[in-house]
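Enquirer: sequence and predicted structure are below.
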Amino acid sequence: MNIIDALLGEHGALYVEMEQLEQTLQESVADAQALAAIVGGAIEAHSRLEDEVLFSVLARRSAEAEGIIRSMQRMHEDIGDALRRLRALPGGVGARDLALSAIALAREHFSAEEELCFPLADQVLPAAVLSELGARWAERRGVTYVGAP
Amino acid sequence: MDILDVLAGEHGVFYGQFDDLERTLPLATAAEEVQVQAALLGAAVEAHSALEDDLVFTAVEPHLDAGSPDVRGLRMMHEEIADGFGRVRAARDLDTAREEFAGVIGLARQHFLGEETFLFPKARTLLTDETRAALGATWADRRGVMRAFGMWR
């Protein structure tokens, strides 16, 4: 299991959920908190895994990698802040607008990872390391399939 | 990009959400609250099932024995999971909505485990690296992953 493919898979599932969330929030503001809880929690868990499993290893490879990772981690913090502020709101239009902003931020961040961070990891980390990190990801997620040894 | 690795990646997100929901479902105060969460998760899981049906199951079936009962069973589970989400939507009270949601989460977990222990390892032996990569590219296109700037792998 290649860690990059596993994380791209996570992006794929999250893109669908973000789209679904946006669609629902356009129709009703009533459920912003309940919906943001389920998608926001998943985005935060995803960010934590990236930070701890991939980014911590990638950042040590070069000054360029360290710089890119620092900006990605800053984006994780911004998304986390938006979600925390959302949880503190009572609901209504304000919560809906903040939920939509958090989604836009997350989508932009995923694109940045796909454009900069994952290609860099693919380039500088040996295949064996990518597989080892993939196995660590699978263990953390409770996924039984580990793919290639 | 290997189709099996990215689909396992999708499982990873769902497992985390199943854990969260199993923890928070007992705290729900209205059926509507449970139903709106089930609608969102159900749409994502059903989209995942459709990708597996269209990409992996269809690619693997010609390599297996006639009728391939194992794959047929997994396809049937996709339908049962969709029916389960439908029952959450149809629930008229909080307890029923919670019970149905917990049930469909249990079923989906069981199904994912079946895929990870049987189907994915089997598909890995039956489909070449090139085929799995081509299916991975189709997955990326359908999911909108890396759409903004093209594929690098």
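Expert: Looks like it arrived, so ask away. As the structure is a computational prediction, the values presented were derived from the model and not from experiment.
Enquirer: in chain A, what residue lies closest to chain B?
Expert: Of all residues in chain A, A:G9 sits closest to chain B, at 1.8 Å by CB to the nearest CB. The way it works is simple: take the backbone N, C-alpha and C, and place the C-beta from them, glycine included.
Enquirer: how about low-confidence regions in chain A?
Expert: In the predicted model of chain A, residues A:148-149 satisfy pLDDT under 70.
Enquirer: which residues sit against the helix or strand harbouring B:D95?
Expert: Assessed by DSSP states H and E, B:D95 sits inside helix B:94-114. Residues outside helix B:94-114 that contact it (CB atoms under 8 Å, 6 or more residues apart in numbering or on different chains) are A:144, B:11, B:14-15, B:18, B:21-22, B:25-26, B:28-31, B:34-35, B:37-38, B:42, B:45, B:74, B:77-78, B:80-81, B:84-85, B:87-88, B:91.
Enquirer: take those residues and keep only those in helices.
Expert: B:11, B:14-15, B:18, B:21-22, B:31, B:34-35, B:37-38, B:42, B:45, B:74, B:77-78, B:80-81, B:84-85, B:87-88 (DSSP state H).
Enquirer: which residues in chain A form helices?
Expert: A:3-27, A:32-49, A:56-58, A:63-88, A:92-112, A:118-124, A:127-141.
Enquirer: to B:G136, which of these lies closest?
Expert: helix A:3-27 (7.4 Å; CB to CB).
Enquirer: so how far is that closest one from its chain's centroid?
Expert: 10 Å (CA atoms, centre = their mean, to the nearest Å).
Enquirer: swap in stretch A:37-49?
Expert: 7 Å.
Enquirer: that one and chain B in contact?
Expert: Yes: on the criterion CB under 8 Å from any CB of the partner chain, stretch A:37-49 is in touch with chain B at A:37-39, A:41-42, A:45-46.
Enquirer: no more questions from me, cheers.
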